[in-house]
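Asks: A predicted structure for the sequence below; I have some questions about it.
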Amino acid sequence: MDKVPSPHAFLDLSDYARPAARLLVRLLLPTSITPIHLTLAFTVVGFLAALLFALDRWLPVAGLLLLLKSALDAADGSLARARRRPSRVGRFLDSVCDFVVMAAVFSGIAVAAWVRSGQAAYFGLAGAALLCATLQGSVFSYYYVRYRAQTGGDQTSRTNENVPDGYVWDNPTLLQLLYQLYRLIYGWQDALMERLDRRVAPHDAPVPRNFLTATTALGLGSQLLVIAACAALHRAVWALWLFPTIGNLYWLLLIRLRHRTRSRMHASHNSPVV
């Protein structure tokens, strides 16, 4: 059910809901519930959280709903792998629904802030937070997909999704539609990360395990945890500020760290042998 072979397992800070997801998969494995059902379920749960944010009521409950969303999100892919039936339709649907949920959540927070303050600028801040959070999530996703490829793990996802090829059981019409939506939302980010990483590290440079763990702080699960923590403190609007500020500083620091690692490797290879 895991994306990475056990010998190459790493500490994933964004995957805190994995134990609940494994239990859920064991319960659902003999049923007719599909991974897509779980993807749609986490979308509904995310919308409920967004509604509570917009109403500015029961914010801790909204935060708990986001954590439930993380568990369902972790379970859909695990269920597909447990049944040995990976799906490219499911892969693109999951990513599109993730974006839609985050857009709804940030919009809900902005609506509540606007009602309280009368300042429409919160909608612009929410848009910036959504853009930054999506890009930060793509940083983690890029290196995670690279790591899975280098360790022989799950390869349903690719660093550059330039072909909408699917499995024989994938509906081609639905696959094409979801692929186009995915490219619209994430295509530029995938291209940016691939180009950026080639500039800071050799193309064949492996992704170190410790570096990957550091990127997991940018994963969607970590992002939802941050929003849930703000909600628990009844300061949901803080999340609109955290992603454009601290989040951006953190991922730029990681890129700088990868460049420094490359420089040390290059220096060691070119040092004279005494």
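Replies: Great, that's in hand.
Asks: alpha carbons only for contacts and neighbour counts from here, please
Replies: Noted.
Asks: Would you map the helices across the protein?
Replies: Counting by DSSP state H, the chain has helices at residues 18-28, 35-55, 59-82, 88-117, 121-151, 172-200, 209-215, 220-232, 238-242, 248-270.
Asks: want to try TSV for those helices, with mean neighbour count and mean pLDDT as columns?
Replies: Below are those laid out as TSV (neighbours: other C-alpha atoms under 10 Å; pLDDT from 0 to 100):
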stretch	mean neighbour count	mean pLDDT
helix 18-28	17	95
helix 35-55	22	97
helix 59-82	24	96
helix 88-117	21	96
helix 121-151	20	95
helix 172-200	16	92
helix 209-215	17	95
helix 220-232	22	98
helix 238-242	19	97
helix 248-270	14	74
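Asks: who wins for proximity to Phe10 among those?
Replies: Closest to Phe10 of these, according to C-alpha to C-alpha: helix 209-215, at 6.3 Å.
Asks: What are the contacting residues of the closest one?
Replies: 10-13, 139-140, 143-144, 147, 251, 254, 258 (C-alpha atoms under 8 Å, 6 or more residues apart in numbering).
Asks: that older thread, and the helices of the chain as JSON lines, adding distance to Gly166?
Replies: Converted to JSON lines, the helices of the chain look like this (distance: least, C-alpha to C-alpha, whole Å):
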{"stretch": "helix 18-28", "distance to Gly166": "23"}
{"stretch": "helix 35-55", "distance to Gly166": "15"}
{"stretch": "helix 59-82", "distance to Gly166": "14"}
{"stretch": "helix 88-117", "distance to Gly166": "5"}
{"stretch": "helix 121-151", "distance to Gly166": "17"}
{"stretch": "helix 172-200", "distance to Gly166": "7"}
{"stretch": "helix 209-215", "distance to Gly166": "28"}
{"stretch": "helix 220-232", "distance to Gly166": "25"}
{"stretch": "helix 238-242", "distance to Gly166": "36"}
{"stretch": "helix 248-270", "distance to Gly166": "32"}
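Asks: Cool, thanks, signing off.
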